[in-house]
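>>> Please work out how this folds:
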Amino acid sequence: MTAPSISRYPVPKLADLPEDIRARIVEVQEKAGFVPNVFVTLAHRPDEFRAFFAYHDALMLREGGLTKAEREMIVVATSGANDCLYCIVAHGAILRIYAKDPLIADQVAVNYRKADITPRQKAMLAFALKVALESQAIGDDDFEAVRAQGFSDEDIWDIGAIAAFFALSNRMANMIGMRPNPEFFLLGRVPKAK
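Coordinates of the predicted model:
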């Protein structure tokens with residue numbers, strides 16, 4: 001049986017990519033042990049690849065009031081609401097690793113309200129989901145709800161920007177039929193072999 005394609009669009013060979021993109025992919029491969037499919041599928045359009053990952057890094061690597069795990073929670077919850085298999089699986093793996101919790105990603109992806117997370121995190125995800133699904137309805141009361149949990153206005157910007165950026169990512173992944181790497185499914189679920 002032939003493995004299904006990871007994208008509806010051509011997937012470039014590493015050797016055919018511009019040097020900056022190839023270097024980024026090799027760096028990720030060395031760190032992760034494999035190349036996440038998002039890198040090679042989006043490399044189909046190099047200028048958009050660069051813009052996508054520049055904004056991704058600006059949001060996800062930024063210092064601020066959100067932890068790395070909370071940033072990933074936002075991705076997983078909103079990707080669940082947007083039915084994005086790739087982002088649920090890939091970012092679910094990252095969330096499990098950052099949170100050191102093998103159960104959290106599945107809980108957050110399906111229904112964050114029932115997840116074993118703090119009231120602060122539930123308020124964060126309620127705001128993120130409103131940005132992802134009903135941004136036209138956001139009002140002062142939504143800001144007050146997250147401020148009441150100790151989030152600053154800059155934190156709230158981060159929550160909203162991550163939700164909005166990954167709404168784009170979810171739609172692109174769904175449109176091109178991006179498939180998650182098999183490696184993601186077990187990451188953070190089982191202890192590493194010694």
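
>>> Could you list the residues in contact with the longest helix belonging to the chain?
The single longest helix within the chain, with elements called by DSSP state H, is helix 153-176. Residues outside helix 153-176 that contact it (Cβ atoms under 8 Å, 6 or more residues apart in numbering) are 7-9, 38, 41-42, 52, 55-56, 59-60, 62, 64-66, 71, 74-75, 78-79, 82-87, 124, 127-129, 131-132, 135, 143, 146-147, 151, 178. The way it works is simple: take the backbone N, C-alpha and C, and place the C-beta from them, glycine included.

>>> Whichever of those end up buried, select them in ChimeraX.
Remark: buried members of those, expressed as a ChimeraX selection using 16 or more other Cβ atoms under 10 Å:
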select :7,38,41,42,52,59,60,66,71,74,75,78,79,82,84,86,87,124,127,128,129,131,132,146,151,178
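
>>> what helix or strand does Gln29 sit in?
helix 19-32 (DSSP states H and E).

>>> any idea of the mean pLDDT in that helix?
Summarised as a single mean, pLDDT over helix 19-32 is 97.

>>> for this structure, what are the low-confidence residue spans?
1-3, 191-194 (pLDDT under 70).

>>> Report the contact partners of the spatially most central residue of the chain.
In the chain, the residue lying closest to the centroid (Cα atoms, centre = their mean) is Val75, at 4.1 Å. By Cβ under 8 Å, 6+ apart, Val75 lies in contact with 87, 91, 95, 162, 166.

>>> how close does the closest residue to the fourth one other than its chain neighbours sit to Ser7?
Leaving out its chain neighbours, the residue that sits closest to Ile162 by Cβ to Cβ, 6 or more residues apart in numbering is Ile74, at 4.6 Å. According to Cβ to Cβ, to the nearest Å, Ile74 stands 25 Å off from Ser7.
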